[in-house]
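# Just the structure for this:
(one chain, ligands or ions: 1)
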Amino acid sequence: MTERLGMKTLIQGGFVVAFDGTQHEIIKDGLVVYNGNRVEFVGKDYSQAVDRKIDANGCLVSPGFIDTHFHSGINASDYILNDSTKLDFFAANYLAHGGPTREGAHFAHLKDVDVGQRFSLIHLIKSGVTTTFEIGGPGAEPERFVDMVDEVGIRTATGPSYKNVSFFHDSEGRLEYDWDEARGSEGLEKAVQFAKQFDGACNGRMSAMLFPGHVDSCTPDLLKQTKKAANDAGVRVQIHATINLFEFHTVMQRERCTPIELLQKIGFLDPQVSLSHCIFISGHSWLAYPYGDDLKIIADSGASVAYSPLKYLKLGITMESFDRYLKAGINMGIGTDTFPKDILSDMRYAALASRVADKSFMSGHPRDVFNAATLGGAKMLGRNDIGRLERGAKADIAIVNLRDLAFGAVRDPIRSLMENAVSRDVRTVIVDGETLVDDYKYLRLDEQELLDKVQKKAEQVWDSVPKWHWTGKSIDDVVPPSFKMK
Ligand SMILES: [Zn+2]
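The predicted structure is shown next:
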């Protein structure tokens, strides 16, 4: 049955995560009623007639999760994150899998709206995400991207990203920066144009944001222009900040201060801004820079942090720590960034990484991580109608099956979720009152057909590696397989 305005649906839980006006609470055997795209009732007793019922017995009925850092595309380049030819890159994040030779640049970036971007958004929805920040997706084909998001059904905060610099490698693996003032301001102009044209598109599910690339890939001037443009257009901003050691040392050498101090100095930080990753702040154990107080600067500014723990764990790095940032007063969100884009796993990684960083099992409390993946993300977008289930909120709902041997006995469903759940436990996902996933299947296209196309695209990307990689070597030399493959 397709949903329509005025059609009432009752979800019978389960454990319902309700919002009491201040915080989440759990209602056992609770009910959620939504009418069209709005939640009408959350509680225990509802006597009015409804048009249909969803049985969520044994399930967690949760507000849909908010992914605060996501790049859409196939997962072929994530595979190259641990590039064994770049041992001198100190686990340098995107520089590990990016940065072609000048001659090979043409072959390096295979973005595909119809297969790659569609696939990753659907994959994300299936982990219970109903709203995602989507960084740079509109790129060269904004109209097609917007149409695709409309068809897929997710809620997005998106925009093309831009920067002043292009990265290349020479034939001996040295990183070279090409600066271009015009490239940056033209990129910003296009991003503002996108915001004007598409803010509120997809039935209001799309909101525009500005995404300047990184602190070291944009001039301070471009960042100042960005902040002004964002204020003029009334849109929010996210920038990759303190994401790798290269960036920290590059900015320190250029500007004589940390990346966070630079952002503060140029007036960039405020509550409209979120910082992607934000790992290498003063005092991080990898930096040998115990000076200043980046954490306090961020907290005082009201800026948020979008933390993607899995990406960093893959590189042997942790934030130090999720709890410390939270206690400093920073609004935290969770992002998926790399692959898999499974917000439930990333929530668990955020909790565990915080415990390791703090050397304390009291750190990374399930409550705090769950809040970050719901209320924290909503605050980052300046919204109080998503990330929570209360009367008047958007009908963005994730239903996770907890009645499975993998969960065993359940007492605190949030702890169970944090300890055990993965995307494959998400049974139903509703966005804006529309059911996108039911009985563990995405309803709007054939998943197997999509997977075949994704595999084909990924093989093309992997086959192209010798054409753009500075070593000229094959993918199996760049990322040796676990065992010999015959
Ligand atoms: Zn990113």
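# What is the linear distance spanned by stretch 257-270 between its boundary residues?
End-to-end distance for stretch 257-270: 19 Å, by C-alpha to C-alpha, to the nearest Å.
# Give me the contact list for that stretch.
Residues from elsewhere that reach stretch 257-270 (C-beta atoms under 8 Å, 6 or more residues apart in numbering): 215-216, 220, 223-224, 226-227, 239, 241-242, 247-248, 251-252, 255, 275, 278, 280-282, 289, 292, 294, 297-298, 301-303. C-beta coordinates here come from the backbone N, C-alpha and C atoms, glycine included.
# Give me the buried subset of the residues you listed.
Neighbour counting over the contacts of stretch 257-270 (16 or more other C-beta atoms under 10 Å) leaves 215-216, 220, 223, 226-227, 239, 241-242, 247-248, 251-252, 255, 275, 278, 280-282, 289, 294, 297-298, 301, 303 as the buried ones.
# domain assignment for the chain?
As recorded under automatic domain parsing, the domains making up the chain are 8-63+392-442, 65-380.
# between the ones you listed, which gets nearest to residue 469?
Across the domains of the chain, residue 469 has its closest neighbour in domain 65-380 (7.2 Å, C-beta to C-beta).
# that older thread, any chance of the domains of the chain in JSON lines, plus mean pLDDT?
Formatted as JSON lines, these follow (pLDDT from 0 to 100):
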{"stretch": "domain 8-63+392-442", "mean pLDDT": "97"}
{"stretch": "domain 65-380", "mean pLDDT": "94"}
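# Next step: the buried ones among the contacts of stretch 257-270 restricted to strands.
Using DSSP state E, the members of the buried ones among the contacts of stretch 257-270 that fall in strands are 239, 241, 275.
# These into JSON lines, with extra columns for distance to residue 168?
Below are those laid out as JSON lines (distance: C-beta to C-beta, whole Å):
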{"residue": "239", "distance to residue 168": "22"}
{"residue": "241", "distance to residue 168": "23"}
{"residue": "275", "distance to residue 168": "26"}
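# Residue 391 contacts residue 43, doesn't it?
No. Counting by C-beta atoms under 8 Å, residue 391 sits too far from residue 43 to count as a contact (9.2 Å).
# ok, the spatially most central residue of the chain - contacts?
Taking C-alpha atoms, centre = their mean as the criterion, residue 69 is the residue nearest the geometric centre of the chain, at 2.3 Å. Shown in contact with residue 69 (C-beta under 8 Å, 6+ apart): 133, 135, 238, 276-277, 306-308, 333, 335-337.
# if you set the cut-off to 7 Å instead, what comes out?
Neighbour list for residue 69: 133, 135, 276, 306, 308, 335, 337 [criterion: C-beta atoms under 7 Å, 6 or more residues apart in numbering].
# distance of it from residue 332?
Distance of residue 69 to residue 332, computed by C-beta to C-beta, to the nearest Å: 12 Å.
# again with residue 128
18 Å.
# More neighbours: those two, which one.
Comparing residue 128 with residue 332 by other C-beta atoms under 10 Å, the one with more neighbours is residue 128, at 30 against 27.
# The more buried one reaches residue 342, doesn't it?
No. Residue 128 is beyond contact range of residue 342, at 9.1 Å (criterion: C-beta atoms under 7 Å).
# Residue 10 against residue 49, yeah?
No. Counting by C-beta under 7 Å, residue 10 stays clear of residue 49, with 9.6 Å between them.
# If you count surrounding residues, which of the two has more?
Shown here are residue 10 and residue 49; by other C-beta under 10 Å, residue 10 has more neighbours (20 against 7).
# what distance separates the helix or strand the more buried one falls within from the middle of the whole chain?
Using DSSP states H and E, residue 10 sits within strand 8-19. Centroid displacement of strand 8-19 relative to its chain, using C-alpha atoms, centre = their mean, to the nearest Å, is 26 Å.
# other SSEs contacting it?
The elements that strand 8-19 packs onto, with contact taken as 3 or more C-beta pairs under 7 Å, 6 or more residues apart in numbering; DSSP states H and E, are strand 24-28, strand 31-35, strand 52-63.
# try 8 Å
Secondary-structure packing of strand 8-19 (3 or more C-beta pairs under 8 Å, 6 or more residues apart in numbering; DSSP states H and E): strand 24-28, strand 31-35, strand 38-43, strand 52-63, strand 397-401.
# ok now the first one, how far from the chain's centre?
Distance, stretch centre to chain centre, for strand 24-28: 26 Å (C-alpha atoms, centre = their mean).
# which helices and strands does it pack with?
Using 3+ C-beta pairs under 8 Å, 6+ apart, strand 24-28 is in contact with strand 8-19.
# Kindly report the same for the third one.
For strand 38-43, the helices and strands in contact under the criterion 3+ C-beta pairs under 8 Å, 6+ apart are strand 8-19, strand 31-35.
# In PDB, list the C-alpha atoms belonging to that strand.
The C-alpha coordinates for strand 38-43 follow below in PDB (Å, rounded to 0.1, in the frame of the first residue of the first chain):
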ATOM      1  CA  ARG A  38       4.300  13.600  10.500                       C
ATOM      2  CA  VAL A  39       4.400  11.700  13.700                       C
ATOM      3  CA  GLU A  40       1.000  12.200  15.500                       C
ATOM      4  CA  PHE A  41       1.400  10.100  18.600                       C
ATOM      5  CA  VAL A  42       4.100   8.400  20.600                       C
ATOM      6  CA  GLY A  43       3.100   6.600  23.800                       C
END
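# contact partners of that strand?
Outside strand 38-43, the residues within contact range by C-beta under 8 Å, 6+ apart are 8, 16, 18-19, 27, 30-34, 389-395, 433.
# go again using 7 Å as the cut-off
With C-beta under 7 Å, 6+ apart as the test, strand 38-43 has contacts from 16, 18, 27, 30-34, 389-395.
# which stretch among the helices and strands packed on strand 8-19 comes nearest residue 148?
strand 397-401 (21.8 Å).
# Strand 8-19 and the helix or strand that the closest one is followed by, what's the angle between them?
Next helix or strand after strand 397-401 toward the C-terminus (DSSP H and E): helix 413-420. Per axes from the mean of the first three to the mean of the last three C-alpha atoms, to 10 degrees, the angle that helix 413-420 makes with strand 8-19 is 80 degrees.
# For helix 413-420, buried residues please.
Within helix 413-420, the residues scored as buried using 16+ other C-beta under 10 Å are 413-414, 416-418, 420.
# So which other helices or strands are in contact with that helix?
Helix 413-420 packs on helix 343-358, helix 366-371, going by 3+ C-beta pairs under 7 Å, 6+ apart.
# my guess is residue 407 meets residue 417, correct?
No. Judged on C-beta under 7 Å, residue 407 makes no contact with residue 417 at a distance of 8.8 Å.
# still on that earlier bit, hmm, which two among the buried residues of helix 413-420 are most spread apart?
Greatest spatial distance in the buried residues of helix 413-420: 414 and 420, 11.4 Å, computed using C-beta to C-beta.
# still on that earlier bit, out of the contacts of residue 69, which is nearest to residue 117?
Residue 117 lies nearest to residue 135 out of the contacts of residue 69, by C-beta to C-beta, at 11.8 Å.
# on that earlier part again, need the buried residues of helix 413-420 in TSV with distance to residue 176, can you?
Shown next, in TSV, are the buried residues of helix 413-420 (distance: C-beta to C-beta, whole Å):
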residue	distance to residue 176
413	51
414	48
416	50
417	45
418	43
420	46
